[in-house]
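S.K.: Any chance you could fold what I've pasted below:
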Amino acid sequence: MITEAGDALHLSLPPAHRLLVSLGTPWTSTIELMNHFQEGCGPDLLHSRTFRSVQIACRNQPSTVIAAFEGIQDAMSQCADRMRFQQWDCTNVGHIMHDPPILKYGYRESALIWALSSAGAAWGVATACAQGWIDDCSCIHDGQPGWEYGGCSYSVQHGITASRKLLTRTPIVRTPLRSVEKHNLKAGRLAVKKTLIASCKCHGVSGSCQQKTCWKRTATLDHIADYLIEKYARSKLLSPDQKAKNADLVFIEPSPDPCLQMTTGRVCAWRNETHTQGDCSRLCCGKGFKITHEVLHYKCDCKFVWCCKLICKDCLQHRWVSTCK
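M.R.: Residues are numbered from 1 along each chain as shown. The predicted structure follows:
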């Protein structure tokens, strides 16, 4: 069986690594995942020179650091997925705990990385806490009249507090760069708060909702990433006569030309007549592109045969892929 893929562009990315079993991690069991959180920090975290607070927390609260670290990784995967149609695509950035070069500048892209990392750390810790994989976290209930709170409300405040303590640095000399870093970290934590979801169950005769059992939980990480990328699109240049709101992303210097970075091998869309998302002319910065033919082999039309066999056909998919030269 042969199927034709008429679209020139295959833009699907592998699903982002997820922190939790319930969200699709490679961990095979809850016990295995709990053991992972009890293993302690790896050498790169234990000896981090970028964040002194991470070193300290690795010795006292290693599971919190691991949850934050993996939450940041997930957030950066979300960034790469959502920016794949843009000239700057959030790849080859690295992890903020490894002090990537881009964070030495006050670009709008740096602002997004700080905010996403801060939000990812808060989300990771809050989610792991709610699952019971962090020993020292507690539930915070800020109840409303007529609401009976249930569950752990995803321990949101614990995650936000952990993110602030782990990632906020106290500079020896206060500089504009450190000021925007601190601001964008706070904006990331606020994004987690502003995207919270209230879940409720009604109790009463015929579902009259005379009483509710409610809990707050974090939004999915992809929803938080979407929120922050919208903020990135409207990020503001910080100046003495213009104050930004706490939830805004801010920058202090213009971004470098994205065409100065390597574009070779980047997947683009050569049949995109509207010149919008993924257009080769734009993504390749006028350097040209090449088109290759790929044949994918996969199993299809699978059927169970009594008793215990799964029989599938061997299928082919033809597709044309365009990449920058």
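
S.K.: Roughly how far does Lys243 sit from Lys236?
M.R.: Look at Lys243 and Lys236: by CB to CB, to the nearest Å, they are 9 Å apart. No exception for glycine: its C-beta is placed from N, CA and C like everyone else's.

S.K.: quick one, which of those two is more surrounded?
M.R.: More neighbours sit around Lys236 than around the other of Lys243 and Lys236, counting by other CB atoms under 10 Å; the figures are 16 against 10.

S.K.: what residues are up against the more buried one?
M.R.: Residues near Lys236 by CB atoms under 8 Å, 6 or more residues apart in numbering: 242, 244, 248-251.

S.K.: Pop the domain breakdown of this protein in here.
M.R.: For the chain, whose domains are defined here by automatic domain parsing, the residue ranges read 40-260, 267-324.

S.K.: ranking those by burial, who's on top?
M.R.: Comparing the domains of the chain by mean neighbour count (mean count of other CB atoms under 10 Å), domain 40-260 ranks first with a mean of 18.

S.K.: Distance from that domain to the middle of the chain?
M.R.: Domain 40-260 sits 9 Å away from the centroid of its parent chain (CA atoms, centre = their mean, to the nearest Å).

S.K.: Can you give me the end-to-end span of it?
M.R.: In terms of CA to CA, to the nearest Å, the two terminal residues of domain 40-260 are separated by 40 Å.

S.K.: do stretch 229-241 as well
M.R.: Taking CA to CA, the first and last residues of stretch 229-241 lie 25 Å apart.

S.K.: so can I have TSV of the domains of the chain showing mean pLDDT?
M.R.: Output for the domains of the chain, formatted as TSV (pLDDT from 0 to 100):
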stretch	mean pLDDT
domain 40-260	86
domain 267-324	84
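
S.K.: per-residue confidence for Ser12?
M.R.: Per-residue confidence at Ser12 stands at 29 (pLDDT).

S.K.: Residue nearest the middle of this structure, spatially speaking?
M.R.: The central residue of the chain, meaning the one whose C-alpha is nearest the mean C-alpha position (CA atoms, centre = their mean), is Ala75 at 1.6 Å.

S.K.: Phi, psi for it please.
M.R.: Torsion angles at Ala75 (phi, psi; degrees, to the nearest 10) stand at phi -60, psi -40.

S.K.: Name the nearest residue to it, sequence neighbours excluded.
M.R.: Spatial nearest neighbour of Ala75, excluding adjacent residues (CB to CB, 6 or more residues apart in numbering): Gly120 at 2.8 Å.

S.K.: now the one you found: how far from Pro100?
M.R.: Counting by CB to CB, the separation of Gly120 from Pro100 is 15 Å.

S.K.: what do you get for Thr213?
M.R.: Here the criterion is CB to CB. By it, Thr213 lies 44 Å from Pro100.

S.K.: Over to Gln242?
M.R.: Taken as CB to CB, the span from Gln242 to Pro100 is 28 Å.

S.K.: quick one: secondary structure of Thr292?
M.R.: Per DSSP: H, G, I helix; E, B strand; the rest coil, the secondary structure class of Thr292 is strand.
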